[in-house]
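> Fold the following.
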Amino acid sequence: MQQPLQNAIVEPPVEDRGLVSALVGDGRPLLSFVGLALVLSGGFALFLVATGHFLPHDEQFLGMTADQLCDLHGCKVVHFMYHDRGAFGGSLISVGILYLWLVAVPLRRGDAWAWWTMLASGSVGFVSFLTYLGYGYLDTWHGTATLVLLPCYVWGMGRTRRALVVPRRLDHQPDTDRATPSGWSSRFGVGRACLLLTAVALVAAGIVIMVVGMTSVFVPQDLAFMGLEPADLHAINPRLVPLIAHDRAGFGGGLCATGVTVFLCVWNGRPSRSLWQALLVSGVIGFGTAIGVHPMVGYLDVVHLAPAVIASALFLAGLCLTYPRMVCSQRVREWGQVG
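A predicted model of the protein is given here:
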């Protein structure tokens with residue numbers, strides 16, 4: 001049974017409210033909807049990659065289908081686009097899972113840091129949509145989804161803020177025990193540092209990818225994989241580079257929002273089994289898709305893959321080192337209570 005936020009404003013009984021008010025509640029259902037929509041959107045992106053399809057408006061913009069493009073240059077261009085889109089889908093699922101955890105656990109308690117985390121991460125995600133101004137391709141489906149989710153996000157943030165524990169500062173955590181018992185040199189402290197470093201790396205990588213998407217679009221390894229230069233791509237279809245730039249910048253935005261969310265969750269969140277599990281699922285899907293899509297399309301450049309592999313190893317080490325404190329100690333407490 002869901003518990004209300006700690007400072008929940010007194011409202012009339014549910015049966016006396018209007019339908020919209022009853023559905024919206026304290027705002028968390030709206031934010032849960034945003035998180036779930038991100039997970040489903042990411043899953044749909046992965047489905048398209050797995051089945052080898054472009055979106056209809058992508059093909060309309062290009063004036064050619066994925067199959068027609070695949071017939072050129074050994075399908076390398078299509079495979080390159082799938083590699084960006086698969087990674088983008090994984091990043092959407094990752095950040096969506098963390099949003100669902102934030103709403104279900106710390107925001108339910110009225111923890112202000114959770115609200116600020118969703119504000120920072122959501123701002124990055126929604127603002128990154130504007131990167132289309134840099135490459136000139138307006139994804140109408142992406143734009144429609146943004147127009148649907150943005151009001152839900154803003155409404156949900158407004159409703160939940162009213163019920164946060166006061167003071168509503170980012171650093172105010174009335175029930176937290178985030179401080180490591182023996183400092184950063186402890187096993188848990190080192191693990192937490194690994195997770196935080198991974199988050200910083202995700203933010204930095206996301207910013208770089210967004211900038212590349214809005215400017216040069218490609219790095220040398222991309223062109224070597226396709227065996228083409230930007231002029232060759234332009235000759236195939238003058239709208240091809242803007243479409244690829246859109247994929248790339250979108251992935252950068254998703255990666256940056258995920259990094260911000262992971263950092264603030266690990267920095268502020270109370271060590272708990274649910275947080276560890278949310279990080280595990282988010283990381284497995286995010287890194288799994290970002291790395292796993294490369295062998296699927298044959299893009300195995302070591303320099304290109306090394307940052308993702310190193311970051312995933314750092315993240316895995318962080319999860320392993322924090323496991324005893326975040327999962328095992330909680331189970332011991334539960335067993336003690338049962339006994």
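> check contacts around Gly136.
Applying Cβ atoms under 8 Å, 6 or more residues apart in numbering, we find Gly136 in contact with Pro242. (C-beta placed from N, C-alpha, C; glycine too.)
> What distance do you get for it to Leu243?
10 Å (Cβ to Cβ, to the nearest Å).
> The residue nearest to Asp301 when sequence neighbours are not counted sits in which helix or strand?
With sequence-adjacent residues excluded and distances taken as Cβ to Cβ, 6 or more residues apart in numbering, Asp301 is closest to Gln221, at 4.4 Å. Assigned by DSSP states H and E, Gln221 belongs to helix 220-226.
> Pull the residues that contact that helix.
His73, Lys76, Val77, Phe80, Glu229, Pro230, Leu233, Gly298, Tyr299, Asp301, Val303, His304.
> average pLDDT for that helix?
Confidence over helix 220-226 (mean pLDDT, whole number) is 96.
> quick revisit: list only buried entries from the contacts of helix 220-226.
By neighbour count, with 16 or more other Cβ atoms under 10 Å, those hold His73, Lys76, Val77, Phe80, Leu233, Tyr299, His304 as buried.
> could the residues you listed be laid out in JSON lines, adding pLDDT?
Formatted as JSON lines, the buried ones among the contacts of helix 220-226 follow (pLDDT from 0 to 100):
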{"residue": "His73", "pLDDT": "89"}
{"residue": "Lys76", "pLDDT": "94"}
{"residue": "Val77", "pLDDT": "95"}
{"residue": "Phe80", "pLDDT": "96"}
{"residue": "Leu233", "pLDDT": "95"}
{"residue": "Tyr299", "pLDDT": "96"}
{"residue": "His304", "pLDDT": "95"}
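> Which ones among those map onto helices?
Judged by DSSP state H, those include Lys76, Val77, Phe80, Leu233, His304 as members of helices.
> which residue is nearest the middle of this structure?
Val95 (2.7 Å; Cα atoms, centre = their mean).
> Which of the helices or strands spans it?
Element membership of Val95 [criterion: DSSP H and E] is helix 76-104.
> And that helix, what does it pack against?
For helix 76-104, the elements it packs on are helix 28-51, helix 66-70, helix 112-128, helix 220-226, helix 240-268, helix 273-297, judged by 3 or more Cβ pairs under 8 Å, 6 or more residues apart in numbering; DSSP states H and E.
> what's the distance between that helix and the middle of its chain?
A distance of 7 Å separates the centroid of the chain from that of helix 76-104, by Cα atoms, centre = their mean, to the nearest Å.
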